[in-house]
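>>> Predicted model and sequence follow; I will ask about them next.
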Amino acid sequence: MDQKSFEDNYVYEQTYWWFLGRRKIVNTLIKKYSGNKADALALDIGCGTGIILNDLKEFSIPVGIDFSKIAMEFAKKRGHKNLICGDACNLPFKNETFDLITILGVLYNKDIKDDDRAIEESCRVLKKEGTIIIDEAAYNSLQSKHNVSVGGVRRYTSSQLIDKCRKYGLRVIKSSYWNVLMLPVFYLIVKLEKYFITGQQYSKLSSIPKVINYILKLYLYLEAFLMKYMRFPFGPSIIIVAKKDGNI
């Protein structure tokens with residue numbers, strides 16, 4: 001991601017419906033499957049501007065790592081100090097360091113040269129019976145010019161992510177697509193791009209009417225609540241919760 005993309009994220013992450021909804025989903029799943037331990041260590045891989053580190057403070061002592069020095073500066077502006085500029089495929093931590101790891105919208109990015117290696121490294125630094133949460137973009141057919149502009153080079157199905165987790169000794173305990181109602185909208189946007197948006201570099205992040213933003217946020221909050229009890233079989237995003245088996 002470039003300077004402009006990080007600037008957009010820094011501004012919109014605190015108010016935009018999609019960011020608020022994803023954070024609600026992630027926090028709901030952490031509370032259900034990981035819990036709250038005062039001395040727990042949490043790692044946010046690809047921490048970006050540090051907004052997720054804000055949330056992880058509720059559950060743990062958070063540490064952020066990101067490949068981008070620009071991201072580090074934005075995370076520092078949020079007041080974070082436990083920050084490392086480094087590669088997700090070569091994590092600079094000892095084995096079994098963290099109780100909780102989040103990887104949110106990271107594996108799809110071109111800066112991840114080997115997504116299997118990134119998952120393997122995450123498993124290595126995760127404690128036995130520790131929790132890992134992975135959120136990624138779904139379906140190659142939804143690859144948009146916006147995704148390309150922010151470095152997106154791959155998307156996944158639920159089964160693909162589950163297989164990658166199991167390959168490195170992670171036991172998947174929850175998987176679900178999310179943002180279900182927006183799936184046809186996102187698909188339509190991708191199709192319309194071919195005719196009305198000729199350039200590659202553009203952002204879908206822009207101000208929308210407050211009432212629409214509020215309604216969409218409430219919808220994702222409802223999904224977050226329902227996800228505690230069910231899984232959604234389709235949607236433009238996927239979230240995985242897995243545990244590291246004790247015998248790994």
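Looks like it arrived, so ask away.
>>> Mind checking what helix or strand follows the helix or strand hosting V148 in sequence?
Using DSSP states H and E, V148 maps to helix 145-149. Downstream of helix 145-149, the next assigned helix or strand under DSSP H and E is helix 158-167.
>>> Show me how far the helix or strand just after that following helix is from its chain's centre.
Note on helix 158-167: by DSSP H and E, the next helix or strand toward the C-terminus is strand 170-178. In terms of C-alpha atoms, centre = their mean, to the nearest Å, the centre of strand 170-178 is set 13 Å apart from its chain centre.
>>> tell me the angle strand 170-178 makes with helix 158-167.
Angle of strand 170-178 versus helix 158-167, following axes from the mean of the first three to the mean of the last three C-alpha atoms, to 10 degrees, is 160 degrees.
>>> which other helices and strands contact strand 170-178?
helix 17-33, helix 158-167, strand 237-244 (3 or more C-beta pairs under 8 Å, 6 or more residues apart in numbering; DSSP states H and E). Using the backbone N, CA and C atoms, a C-beta is placed for each residue, glycine as well.
>>> Out of the ones you listed, which one sits most buried?
Counting by mean count of other C-beta atoms under 10 Å, strand 237-244 has the highest mean neighbour count of these, with a mean of 25.
>>> Give the partner strands of that one in its sheet and their orientations.
strand 126-137 (antiparallel), strand 170-178 (antiparallel) (DSSP bridges).
>>> Nearest to F19, out of those?
strand 126-137 (11.7 Å; C-beta to C-beta).
>>> Tell me what angle that closest one forms with helix 17-33.
150 degrees.
>>> Counting neighbours, which bits of strand 126-137 end up buried?
Buried residues in strand 126-137, counting neighbours by 16 or more other C-beta atoms under 10 Å, are found at 126-127, 130-137.
>>> Kindly reformat the residues you listed as CSV containing distance to D55.
Below are the buried residues of strand 126-137 laid out as CSV (distance: C-beta to C-beta, whole Å):
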residue, distance to D55
L126, 19
K127, 20
G130, 18
T131, 14
I132, 16
I133, 11
I134, 16
D135, 13
E136, 18
A137, 20
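>>> Alright, that wraps it up for me.
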